[in-house]
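Asker: Got a sequence here, can you build the structure:
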Amino acid sequence: MNTQMQPTFVLVHGAFANSFSFAPLQAELGLLGHRSAAVDLPGHGFQATFTRAYQSPQDPDGLATTPGSIKGVTLADNAAQLIGILERAKQNGPVILVAHSRGGVTATAAANARPDLIDRIVYVSAWCPVALDVNGYYAEPEMATVDPAAFASALAGNPAELGLLRVNFRTADPDALAALKAAFFADGTDEEFLTFLNTFQPDENLDAGGSGDRAQAATWGRVPKTYIRLADDTSMPLALQDRLIREGNELTPHNPYDVRTLQGSHLKWLADPAPAARILADLATLPGPSAPA
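Answerer: Sure thing, here's the model as predicted:
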């Protein structure tokens, strides 16, 4: 990486999230002198569907059946949009691509296709499938502690009929709220948790990629990479994060992960972003990998 030029951090959100999630982190990066661009993947942000049935008083039948704009959106669509943003950012100097959670799948697909646009890729408790597809990892021992009820208890409608995943984040069901908090923000206050929940959108696309979207050594493997482990993440357990790191290192032993660790849950780093911002600022000065032998 050319450390004489100011890098741009391109931030990619996870499932049901959007660019709004990164506002506190962007503020911290800005105060440290770094520019950033938060991405809305297709069907997210102001392209999201918020039906009247989602408003109060809620209409459960309407919520379960109203079409959503994200139906039919694919991982290829996500990657194409991200690549377009990376092309624009790259015109201004080095690019550090930062992905959270499911956003890692899109970041990996973009790195597979256009490694030339990325000077470093940073996964923050994010998916980077290597040996299996994303769905395949859910059957593995590393995911055995994950409670499937977190989303299932608030699921609205049949994904097969809607053509998308829809979750009622505005539910008042105490059991559903407790399951969501335990999974994603157990170390936050109730007020912080509900505030974050109200930044989520109800719909997410169904396509988490297939075998062709796993990390590819010839392209993805050329990009310097960092994995920021979230030590208290229960939705993406540390054991799984460490497995993804190990598999990535086995795929590209000449270009291993630079590994960092933050304390906290899946969402804590976004609500209290100063520690993460300091790590990212430090990464802006790291050199690239040595050439393979």
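
Asker: hey, let's count contacts and neighbours off CA atoms from now on
Answerer: Noted.

Asker: where exactly do the strands run in the stretch 51-200 of the chain?
Answerer: 95-100, 120-124, 165-166 (DSSP state E, counting those that start in this stretch).

Asker: Now do the end-to-end distance for stretch 159-167.
Answerer: Using Cα to Cα, to the nearest Å, the end-to-end distance of stretch 159-167 comes to 10 Å.

Asker: which element is residue 24 on?
Answerer: Using DSSP states H and E, residue 24 sits within helix 23-31.

Asker: who's in contact with the one helix or strand in the chain whose mean pLDDT sits lowest?
Answerer: None of the helices or strands of the chain scores lower by mean pLDDT, DSSP states H and E than helix 149-152, at a mean of 77. Residues outside helix 149-152 that contact it (Cα atoms under 8 Å, 6 or more residues apart in numbering): 167, 176, 179, 180, 183.

Asker: repeat that for 6 Å
Answerer: Applying Cα atoms under 6 Å, 6 or more residues apart in numbering, the external contacts of helix 149-152 come out as 179, 180.

Asker: buried sites along that helix?
Answerer: Within helix 149-152, the residues scored as buried using 16 or more other Cα atoms under 10 Å are 150, 151.

Asker: Check the offset of it from the chain's centre.
Answerer: Distance, stretch centre to chain centre, for helix 149-152: 18 Å (Cα atoms, centre = their mean, to the nearest Å).

Asker: One more: stretch 31-47?
Answerer: The answer for stretch 31-47 is 12 Å, by Cα atoms, centre = their mean.

Asker: and that stretch, how far apart are its ends?
Answerer: 29 Å.

Asker: which residues touch that stretch?
Answerer: Residues from elsewhere that reach stretch 31-47 (Cα under 6 Å, 6+ apart): 8, 9, 10, 11, 12, 18, 19, 69, 70, 78.

Asker: List the residues that contact the fifth one.
Answerer: Residue 12 makes contact with 39, 99, 103 under the criterion Cα under 6 Å, 6+ apart.

Asker: and if you look at the third one?
Answerer: By Cα under 6 Å, 6+ apart, the contact set of residue 10 is 36, 37, 38, 97, 98.

Asker: and with 7 Å instead?
Answerer: 36, 37, 38, 95, 96, 97, 98 (Cα atoms under 7 Å, 6 or more residues apart in numbering).

Asker: need the residues you listed in JSON lines with distance to residue 30, can you?
Answerer: Shown next, in JSON lines, are these (distance: Cα to Cα, whole Å):
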{"residue": "36", "distance to residue 30": "8"}
{"residue": "37", "distance to residue 30": "11"}
{"residue": "38", "distance to residue 30": "13"}
{"residue": "95", "distance to residue 30": "16"}
{"residue": "96", "distance to residue 30": "15"}
{"residue": "97", "distance to residue 30": "16"}
{"residue": "98", "distance to residue 30": "15"}
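
Asker: For residue 27, state which of these is nearest.
Answerer: residue 36 (9.3 Å; Cα to Cα).
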